[in-house]
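1. predicted coordinates and the sequence they were generated for:
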Amino acid sequence: MRKIIISLLVLALIGYASWQGNSLGLFLVGVMVAVFFHEVGHLVVAVLAGIPVRELAVGLGPAIARWRWRIRGYPLQVTLRPLPLL
């Protein structure tokens, strides 16, 4: 529970910095979005090659949110984590 609270605080600080016009906050959000699309590219290639993928994680740290899907019969877990990969 403590890790989740710390993770939410980090996300709140990044969001607040973005809202206040701080370019660092916007940069971090932009990097996280870019990393997400980059990782989705890996996911698409792996699925097309027939390689089972178990998890697509965006960021580092404990998972804040989780979604579960099935792609071509394999379970896929997508997780959102608080710290972007720099």
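-> Structure's in. What do you need? Numbering: from 1, shown residues only.

2. drop to CA atoms for contacts and neighbour counts, all remaining ones
-> Fine.

3. state the phi and psi torsions of the spatially most central residue of the chain.
-> Centroid check for the chain by C-alpha atoms, centre = their mean gives residue 58 as the closest residue, at 1.9 Å. Here is the backbone geometry of residue 58 (degrees, to the nearest 10): phi -110, psi 110.

4. show me what contacts it?
-> 32, 35, 36, 39, 78, 79, 80, 81, 84 (C-alpha atoms under 8 Å, 6 or more residues apart in numbering).

5. same thing but 6 Å
-> 36, 80, 81 (C-alpha atoms under 6 Å, 6 or more residues apart in numbering).

6. where do the helices sit along this protein?
-> Along the chain, counting by DSSP state H, helices occupy 2-19, 23-48.

7. average pLDDT across the first one?
-> So the one you mean is helix 2-19. For helix 2-19, mean pLDDT rounds to 67.

8. then the longest one?
-> Confidence over helix 23-48, taken as the mean pLDDT, stands at 80.

9. buried stuff in that helix?
-> 25, 26, 28, 29, 32, 35, 36, 43 (16 or more other C-alpha atoms under 10 Å).

10. quick check: which helices or strands does it pack against?
-> helix 2-19 (3 or more C-alpha pairs under 6 Å, 6 or more residues apart in numbering; DSSP states H and E).

11. how about a cut-off of 8 Å?
-> helix 2-19, strand 55-58 (3 or more C-alpha pairs under 8 Å, 6 or more residues apart in numbering; DSSP states H and E).

12. in the last one, what's buried?
-> What it means is strand 55-58. 56, 57, 58.

13. and the gap between the last one and residue 40?
-> When distances are taken as C-alpha to C-alpha, to the nearest Å, residue 58 and residue 40 turn out to be 10 Å apart.
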